[in-house]
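Student: Have a look at this fold, sequence not included:
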């Protein structure tokens, strides 16, 4: 059948928001499980040693990016829906993604 | 690559379970997609079904999917959409296909009715006119949304209509936004209730595909966001 025409910034923004949201849903149970290990000092220390691994660092950065993308995208949507409309929605999409990139870059600088 | 003086056009034939048929038509210096469809119907296959009326972008009846995008075909030039001489023309998405390029528009207009997108006067023609300032907030909001030509391009572009077929959709909600901003209406809260009902404005994901494709550059997402805000305010005031 006929497919939809989706190649425009509004749809890219939706896709980023939805995918980052889904990825964060999968992250949360892991997050709680790690917090749970704090009850057992040895397990918790062991986990922290594991986080020094470069691949885990990369994963942390990805996590921060997901959070930043979802947060800035979410704030953009809240502004779109609750404040009086303003033109330049594409600029706002770019700005929210740019802000997320900035957060990601700052976190990456802190990592190395 | 096709010859410079020729277009290769794949045209949808049949209903939902149809197929594409390839036609070749002469390429001209000044030619719209509707010109090409009309040429096929007149010169190659008189059984081709499609719909048009005014040919000048006013009536809103000739919208089709052209190379994957919903467009008004009468004002879409071939030079803009088929630089390599190839065209794929299909009926609009999200509407039942009657045959070939003609869709059944009944579900589309039924949604306008459900969204209470019509004016109901508070006074009769014998009463004096109620002055509405052109500068008022409501008048300006209605102005920005009122020039819709009912072509259903936004309805075809909308993902949410595809996901949830009973969703009122961008055109009907845009119309409801005009009605809500018409201070002469006898029951504006009825408009807001209809637009905020189950399959109403709350379903919009603000992808803005409607605004992206609207041929007359209306922004239904702006209208829908307005309905969401007005609905929320009315809910908080206990008047929804």
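Tutor: It's in. Here the structure is a predicted model, which is why all the values come from computation and not from measurement.

Student: packing partners for the helix or strand bottoming out on mean pLDDT in chain A?
Tutor: Ranked by mean pLDDT, DSSP states H and E, the weakest helix or strand in chain A is helix A:41-50, scoring a mean of 84. Judged by 3 or more C-beta pairs under 8 Å, 6 or more residues apart in numbering or on different chains; DSSP states H and E, the packing partners of helix A:41-50 are helix A:9-37. C-beta here means a position set from N, CA and C on the backbone, and glycine is covered the same way.

Student: near chain B at all, the helix it packs on?
Tutor: Yes. Part of helix A:9-37 sits near chain B under the criterion C-beta under 8 Å from any C-beta of the partner chain, namely A:10, A:11, A:14.

Student: Quick check: closest non-adjacent residue to the first one.
Tutor: Beyond its immediate neighbours in the sequence, the residue positioned closest to residue A:10 (C-beta to C-beta, 6 or more residues apart in numbering or on different chains) is residue B:208, lying 3.4 Å away.

Student: what sits against the one you found?
Tutor: A:8, A:10, A:11, A:89, B:219, B:221 (C-beta atoms under 8 Å, 6 or more residues apart in numbering or on different chains).

Student: top of the residues you listed by neighbour count?
Tutor: In terms of neighbours by other C-beta atoms under 10 Å in any protein chain shown, these top out with residue B:221 at 28 neighbours.

Student: Including pLDDT, could the residues of helix A:9-37 next to chain B go into CSV?
Tutor: Output for the residues of helix A:9-37 next to chain B, formatted as CSV (pLDDT from 0 to 100):
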residue, pLDDT
A:10, 96
A:11, 96
A:14, 97
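
Student: Go through these and name the one nearest chain B.
Tutor: residue A:10 (3.4 Å; C-beta to the nearest C-beta).

Student: doesn't residue B:210 make contact with that closest one?
Tutor: No. Between residue A:10 and residue B:210 there is no contact under C-beta atoms under 8 Å: 9.4 Å.

Student: Need the overlap of contacts for those two.
Tutor: Joint contacts of residue A:10 and residue B:210 (C-beta under 8 Å, 6+ apart) are residue B:221.

Student: quick one: the residue positioned nearest the centre of chain B and residue A:50, what's the gap?
Tutor: By C-alpha atoms, centre = their mean, chain B has its centre lying nearest to residue B:152, at 2.3 Å. Look at residue B:152 and residue A:50: by C-beta to C-beta, to the nearest Å, they are 56 Å apart.

Student: and if you look at residue B:114?
Tutor: Distance, residue B:114 to residue A:50, using C-beta to C-beta: 57 Å.

Student: How about the contacts made by residue 11?
Tutor: All of this is about chain A. With C-beta under 8 Å, 6+ apart, residue A:11 has these contacts: B:159, B:207, B:208, B:209.

Student: my question was about chain B
Tutor: Counting by C-beta under 8 Å, 6+ apart, residue B:11 makes contact with B:20, B:21, B:22, B:23, B:37, B:40, B:48, B:89, B:100, B:101.

Student: can you count the residues close to the residue nearest to residue B:86 when sequence neighbours are not counted?
Tutor: Distances taken as C-beta to C-beta, 6+ apart place residue B:8 nearest to residue B:86, at 5.1 Å, with adjacent residues excluded. Neighbour count of residue B:8, defined by other C-beta under 10 Å: 18.

Student: try residue A:74
Tutor: Residue A:74 is flanked by 14 other residues according to other C-beta under 10 Å.

Student: again, but for residue B:121
Tutor: 12.

Student: what bridges to it?
Tutor: Following DSSP bridges, residue B:121 is listed with bridge partners residue B:185.

Student: about what we covered before: pLDDT at the residue nearest to the centre of chain B, what is it?
Tutor: pLDDT recorded at residue B:152 is 98.

Student: The residue nearest the centre of chain A - nearest residue in space that isn't next to it in sequence?
Tutor: Centroid check for chain A by C-alpha atoms, centre = their mean gives residue A:66 as the closest residue, at 1.5 Å. Spatially, and ignoring its direct neighbours in sequence, residue A:66 is nearest to residue A:20 (4.6 Å; C-beta to C-beta, 6+ apart).
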